[in-house]
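S.K.: I need the structure of the sequence given here:
(chains A and B)
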Number of protein chains: 2
Amino acid sequence: MQPYAEMSNEELLALKKQLSVRYKDFQNKDLKLDMSRGKPSVEQLDLSMGMMDVLSSEDDLTCEDGTDCRNYGVLTGIKEAKELIGDMMEVAPDNIIIYGNSSLNVMFDTVSRSMTNGVMGCTPWCKLDKVKFLCPVPGYDRHFAITEYFGIEMINVPMNDEGPDMDLVEKLVAEDEAIKGIWCVPKYSNPTGNSYSDVTVRRFARLKPAAPDFRIYWDNAYGVHHLYDHDQDHLIEILAECKRAGNPDLVYKFSSTSKISFPGSGIAAIAASRNNLEDIEQQLKFQTIGHDKVNQLRHVRYFGGIHGMIEHMRLHADIMRPKFEAVINTLEKELAGLDIGKWTKPNGGYFISFDALDGCAREIVAKCKKAGLIMTKAGATYPYGKDPHNSNIRIAPSYPPLEDLIMAMELFSLCVKIVSIDRILAERKMAAAENE
Amino acid sequence: MQPYAEMSNEELLALKKQLSVRYKDFQNKDLKLDMSRGKPSVEQLDLSMGMMDVLSSEDDLTCEDGTDCRNYGVLTGIKEAKELIGDMMEVAPDNIIIYGNSSLNVMFDTVSRSMTNGVMGCTPWCKLDKVKFLCPVPGYDRHFAITEYFGIEMINVPMNDEGPDMDLVEKLVAEDEAIKGIWCVPKYSNPTGNSYSDVTVRRFARLKPAAPDFRIYWDNAYGVHHLYDHDQDHLIEILAECKRAGNPDLVYKFSSTSKISFPGSGIAAIAASRNNLEDIEQQLKFQTIGHDKVNQLRHVRYFGGIHGMIEHMRLHADIMRPKFEAVINTLEKELAGLDIGKWTKPNGGYFISFDALDGCAREIVAKCKKAGLIMTKAGATYPYGKDPHNSNIRIAPSYPPLEDLIMAMELFSLCVKIVSIDRILAERKMAAAENE
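M.R.: Residues are numbered from 1 along each chain as shown, chains lettered A, B, ... in the order given. Prediction:
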């Protein structure tokens, strides 16, 4: 394969002509493909149908400690659920609060509470002139949406293969008291699929923030979402590491079963130090009498424990793995050696990240859409939807059936090629004009 | 029965001696009775066990419109649930957002959102020097706790038989722009059990608040919670009445199935004008991708419609009615004619309100506790836990079994008598000292 940059204008124009014929063919197929969100597929949902059978009218909905799950109460979740989710999150049950159906909601509430009532006695953020968050980029659009909603200024921090640029993170949090948090998806990150290295996690645990109410927002959404039995990423457990580093209160860790049982009908949790949890509990009691304990019990009885959950995740992996491989193989087949894009090869999670030539992402996504393929909006992986390089595209392989996915990635690759040719030609023209 | 106030000191002292013997007997029984909260009883929970059978792994969890309830999405709730809860709340499905398991949480979030981001474009409350809420008293402690949590100043408004003192409400909201809301439990009110009259509801719908972001927080928690087939209270539907009055955006209405299906595992909702709902939806989308649709579907399939829910509420009534009657009959038997207390006789809801002689409530509750009976904390029915008359006590008959309840109310009446005698004697002593 010859890199496009080494081809002459004539060669590129001839190639574009061929590609455009193929693109027209795609347009004529009247496709309706959606790769915009990390939604589990129907086959994955079917895996959890047994959830519907574990509690029947014949069952006793009572916890080991005598709690009747059907009635009011138990603000922080039933003990059994704390044990299950504690094992999943690699923390002790005492360091867990079980919430409702959405970790996004838990994160939103955590920021909201900090805005109105403050963190562990500190001034509520709404009383401050300026509040800032660090945002490793590319990252998760719904994280950035929360901070934008609350008027929190977002500062981009580049991601590299080991995680966020820690030199920059250390410097910024140490010198600016307005920086109150950093959004992290540390394992099988959204969208890169990479995991933070040991060095990165250790540096996180040893941050010396100027703000006493600075917290790491550690969204470990994909902790057990491996693709392989071998080749699994390993992430150092952050709570324990913070404790070892003498910074026990530095982190809020979030997770949920959304992509384990049913999205939207799972259980979510926060894990943190007892100091942090007591601060949260003192406030949470004004918000609710307790979350859905019957659903907590349903999860406990269905999975039976962490081993059952891990087995269940193997079934998810069996469905996800061929999809990830199809995406990566198609990209390899279509784009390898052309030097018009780079992509990640994750061992887990829900996303593959694609970096096009600078200035091409929006155009590629638009061109896909015109042929019936919806990708995540270009720019979505950056705060305010603004990718300064207009280069990053998030690929979400989970939802479409395998055969659709291969076609979608062929179409995607085709759009990458056409838009890249246009870009290269336009740049050459500009350069020529400048040299005149 | 001779009123205590007409008895001589000697008669009262002799009576107290007798009563104290009985009190000692109670203390020796080592009772553990809890009447502190409006918790459904085990028998009531058993009524809904069929909920656990309506969705099995053999069932299709798809909505009529094709929505797969197992996956992400549908921010405002599935159509079928909006219809069911719409019928329950007497509003059109389009005027409903279905939430998670707790209307308390919906109310908290509504105030929280107003604090951080404001109501329909108005200044966020956290940016204002002063925010105030009107609180009809006696009222619901968890309402007052929310406003206290957010630092909102609470102003007491007396309740009478027709609802809050509307002369005062009209005057205050018209003259003070800092007043942003009023907490209402309009039907089978917590704790009085009374319902707002037609005139009261019509005056509510015609309020002319100085603040454009003033809203009535209409917590219709007990809309279908009657005790009798006959003798049901009827409440004018507030949304429609506000519309008729030309104030469509004046009210947020809240409700849930917490005391219909399982407390803590039900579904909650807000009903409001489309203007209000669009404002909420624009913000809600930052907080969650959607609430638990499987549980929404479970409720829809179980009740089958509003008729099924009404039938189900008859079964609740069959359990609740004897308990209310036992409380009221015991109070009648023990206290009628003594002029040391007044109590309400509701046709529904979860509470009976008891007004002791001024200055006696804390002492009565403390005396009950010393003999093993936990009542709702005296003062709880007032903002900041401060009942200026130290007179109101909330009676919650739902949780204890019937036989316990009768004993509890005998003990309660006994404590009322003893504390009232002490109070009358102390007042006579003070009056005598003043006359010397």
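
S.K.: only C-alpha atoms from now on, for both contacts and neighbour counts.
M.R.: Will do.

S.K.: tell me how far the strand or helix carrying A:Ser353 lies from the chain's centre.
M.R.: Per DSSP states H and E, A:Ser353 falls inside strand A:352-356. Chain-centre distance of strand A:352-356: 14 Å, with CA atoms, centre = their mean, to the nearest Å.

S.K.: so what does A:Trp218 have for phi and psi?
M.R.: Main-chain torsions, A:Trp218, degrees, to the nearest 10: phi -100, psi 90.

S.K.: who's in contact with it?
M.R.: A:Trp183, A:Cys184, A:Val185, A:Pro186, A:Val251, A:Tyr252, A:Lys253, A:Phe254 (CA atoms under 8 Å, 6 or more residues apart in numbering or on different chains).

S.K.: if we use 10 Å, what do you get?
M.R.: Contacts for A:Trp218 (CA atoms under 10 Å, 6 or more residues apart in numbering or on different chains) come out as A:107, A:181-187, A:238-239, A:251-255, A:270-271.

S.K.: which strands and helices sit next to the helix or strand just after the strand holding A:Ser353?
M.R.: Counting by DSSP H and E, the next helix or strand C-terminal to strand A:352-356 is helix A:361-370. Using 3 or more CA pairs under 10 Å, 6 or more residues apart in numbering or on different chains; DSSP states H and E, the elements in contact with helix A:361-370 are helix A:9-28, strand A:33-35, strand A:352-356, strand A:373-375, strand A:392-395, helix A:402-435.

S.K.: which positions within helix A:361-370 qualify as buried?
M.R.: Within helix A:361-370, the residues that count as buried by 16 or more other CA atoms under 10 Å in any protein chain shown are A:Ala361, A:Arg362, A:Glu363, A:Ile364, A:Val365, A:Ala366, A:Lys367, A:Cys368, A:Lys369.

S.K.: then stretch A:60-79?
M.R.: Here stretch A:60-79 shows A:61, A:67-79 as buried, counting by 16+ other CA under 10 Å.

S.K.: how about stretch A:236-246?
M.R.: For stretch A:236-246, a neighbour-count test (16+ other CA under 10 Å) marks A:Ile236, A:Ile238, A:Leu239, A:Ala240, A:Glu241, A:Cys242 as buried.

S.K.: out of these, which are inside helices?
M.R.: A:Ile238, A:Leu239, A:Ala240, A:Glu241, A:Cys242 (DSSP state H).

S.K.: can you pull the contacts of the last one?
M.R.: The contact partners of A:Cys242, by CA under 10 Å, 6+ apart, come to A:Val201, A:Arg202, A:Arg203, A:Phe204, A:Ala205, A:Arg206, A:Leu207, A:Pro248, A:Asp249, A:Leu250, A:Val251, A:Ser273.

S.K.: Serialize these to a markdown table and add fields for distance to chain B and pLDDT.
M.R.: Formatted as a markdown table, these follow (distance: CA to the nearest CA, whole Å; pLDDT from 0 to 100):
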| residue | distance to chain B | pLDDT |
| --- | --- | --- |
| A:Val201 | 28 | 98 |
| A:Arg202 | 31 | 98 |
| A:Arg203 | 30 | 98 |
| A:Phe204 | 27 | 98 |
| A:Ala205 | 28 | 98 |
| A:Arg206 | 30 | 98 |
| A:Leu207 | 28 | 98 |
| A:Pro248 | 27 | 98 |
| A:Asp249 | 23 | 98 |
| A:Leu250 | 23 | 98 |
| A:Val251 | 21 | 98 |
| A:Ser273 | 23 | 98 |
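
S.K.: surely A:His312 meets A:Asp46?
M.R.: No: between A:His312 and A:Asp46 there is no contact under CA atoms under 10 Å: 11.7 Å.

S.K.: quick check, pLDDT for A:Asn105.
M.R.: At A:Asn105, the model reports a pLDDT of 98.

S.K.: does the helix or strand hosting it come close to chain B?
M.R.: Element membership of A:Asn105, judged by DSSP H and E, is helix A:103-117. Yes: interface with chain B: helix A:103-117 contributes A:Ser103, A:Leu104, A:Asn105, A:Val106, A:Met107, A:Phe108, A:Asp109, A:Ser112, A:Arg113, A:Met115, A:Thr116, A:Asn117 (CA under 10 Å from any CA of the partner chain).
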